[in-house]
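Asker: dropping the sequence and predicted coords here.
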Amino acid sequence: MRYGKLGAAISAAVLSASLYAQFGPSTFSLGDNVVPPDNPYANFTLTFTLDPEFFASSPGANRWANFALRFVYNPAKVELQIMRTNGTWIDVSTLPDGTTGLRLSAFGAVFLSQPDLYGTPAFRKVGPPGGMTTIELGIGHTVNNNFLLTGNFFGSEGPGGNFVPMRWWIRTPIGETYNPEASPLGNGQIAKVGPVRTSRFNPPQGRFFVPEPASMIALGSGLVGLLALRRRRKA
């Protein structure tokens, strides 16, 4: 399927969702990304947990579904990167607004589909509100079963090493935690067809954290010990 057609299908599903039956919100997680300061890169994965009523609603298994997921991140805290075919990486925040998966080929990047995943990953960068970066990720014609719809669709590694080549560059200061924001445009929806059922997404879950180096922790522990010893001697 061409990216243009896939993007149009996903957009239509999201924009027209109000015409169809709505269910409770589903959840997506960007994962708990903890990296050492000397290697600030983390694999990029998305994990979905569907609203139980939405998942149980007709149509049942072996029908088709798609999703359009939208979220925001602060490029001063983390940067989403996409691998070029030559092994170098593109910073998503530097891409022109409106860049899609199809247009990424102009920057030397190509999306790869995950084995056993029916459909081609879609990508679009939306205009950033207030210096933030907003992106949309989607996939169409996915078999509607628990294994696929709660799997990891995007990432720089995975079973067989065939996930879409994306990763996080964690710029969060040492010792601080950063949590991704919900999109002011809404977080997108999952749709099932025959008849159409939709489930919107909750705000994103997950965190980005760079712990202090072990040497700093050891030094801090040593200083605390010396201070305690000094106080004992004074006593």
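Answerer: The structure has been received and is ready for your questions.
Asker: what segments of this protein are helices?
Answerer: For the chain, the helices defined by DSSP state H cover 3-15, 52-56, 146-149, 214-234.
Asker: which of those has the lowest average pLDDT?
Answerer: When mean pLDDT is averaged over each of these, helix 146-149 scores lowest at a mean of 44.
Asker: show me the shaky parts of this protein.
Answerer: 1-20, 59-65, 102-103, 110-121, 128-129, 139-164, 214-235 (pLDDT under 70).
Asker: by residue count, tell me the biggest strand in it.
Answerer: Ranked by residue count and defined by DSSP state E, the top strand of the chain is strand 21-34.
Asker: what's near enough to touch residue 205?
Answerer: Contacts for residue 205 (Cβ atoms under 8 Å, 6 or more residues apart in numbering) come out as 27-30. Quick note: C-beta positions are derived from backbone N, CA and C, even for glycine.
Asker: who is it paired with across the strands?
Answerer: For residue 205, the beta-bridge partners under DSSP bridges are residue 29.
Asker: now the end-to-end length of stretch 187-203.
Answerer: Chord length of stretch 187-203, first to last residue, is 7 Å (Cα to Cα, to the nearest Å).
Asker: ok, and for it, which residues are buried?
Answerer: 187-192, 197-202 (16 or more other Cβ atoms under 10 Å).
Asker: before we move on, the earlier item: mind putting the contacts of residue 205 in a markdown table, neighbour count and distance to residue 92 included?
Answerer: As requested, these are exported to a markdown table (neighbours: other Cβ atoms under 10 Å; distance: Cβ to Cβ, whole Å):
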| residue | neighbour count | distance to residue 92 |
| --- | --- | --- |
| 27 | 17 | 23 |
| 28 | 25 | 18 |
| 29 | 17 | 19 |
| 30 | 23 | 14 |
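Asker: ok, the residues you listed vs residue 40, which is closest?
Answerer: Distance to residue 40 across the contacts of residue 205 (Cβ to Cβ) is lowest for residue 30, with 15.7 Å.
Asker: need the nearest residue in space to the closest one, chain neighbours excluded.
Answerer: residue 206 (3.5 Å; Cβ to Cβ, 6 or more residues apart in numbering).
Asker: cool, and residue 75?
Answerer: Per Cβ to Cβ, 6+ apart, closest to residue 75 is residue 93, 3.8 Å.
Asker: what separation do you get for the one you found and residue 190?
Answerer: Going from residue 93 to residue 190 by Cβ to Cβ, to the nearest Å gives 26 Å.
Asker: how about residue 71?
Answerer: Residue 71 is 14 Å from residue 190, by Cβ to Cβ.
Asker: swap in residue 171?
Answerer: For residue 171, the distance to residue 190 - Cβ to Cβ - is 31 Å.
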